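Colleague: Next come a sequence and a model predicted from it.
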Amino acid sequence: MERAMLGVSLRDQIRNEEIRRRTRVTDKAQRVAKLKWQWAGHIAWRTDGRWGLKVLEWRPRIGKRSVGRPSTRATGDIRRVAGSRWSQAAQDRVLWNSLRKTYAQQWTSIG
């Protein structure tokens with residue numbers, strides 16, 4: 001869509017970064033990653049005892065495990081950047097905000 005806005009085809013061999021610079025359109029994947037990071041920080045900062053953080057940390061242990069790869073959790077990719085104790089790391093807002101850019105870059109490169 002951005003290429004059509006500029007009248008540029010793939011044959012012109014112009015990189016996506018250059019096209020985004022010209023159109024000033026933000027990368028949607030990075031925006032989604034930033035919002036997910038902020039949401040996780042918001043959940044970790046709440047101290048009123050609501051169930052949001054408990055649900056994110058919950059792991060069912062009933063019955064047999066399913067065959068194959070373990071299912072991914074909402075906090076799996078957050079743990080890769082901030083560590084297994086990500087909710088404690090989120091309490092330090094300066095550290096948490098500094099990790100946000102790293103998370104967005106890693107999240108968009110994964111897919």
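Modeller: That came through, no problem.

Colleague: where exactly do the strands run in this protein?
Modeller: All residues of the chain lie outside strands when identified by DSSP state E.

Colleague: For it, which segments count as helices?
Modeller: 2-6, 16-23, 28-45, 52-57, 76-82, 86-89, 93-110 (DSSP state H).

Colleague: how about those, which one is nearest R65?
Modeller: Of all the helices of the chain, the one in closest proximity to R65, counting by C-beta to C-beta, is helix 76-82 (16.7 Å). All C-beta spots, glycine's among them, are computed from the backbone N, C-alpha and C.

Colleague: hmm, who's touching that closest one?
Modeller: Helix 76-82 is contacted from outside by 36-37, 40, 86, 89-90, 96, 99, 102-103, 106-107, 110, using C-beta atoms under 8 Å, 6 or more residues apart in numbering.

Colleague: Identify each buried residue in the helix or strand of the chain with the lowest mean pLDDT, please.
Modeller: Ranked by mean pLDDT, DSSP states H and E, the weakest helix or strand in the chain is helix 52-57, scoring a mean of 74. Across helix 52-57, burial judged by 16 or more other C-beta atoms under 10 Å covers L53, L56.
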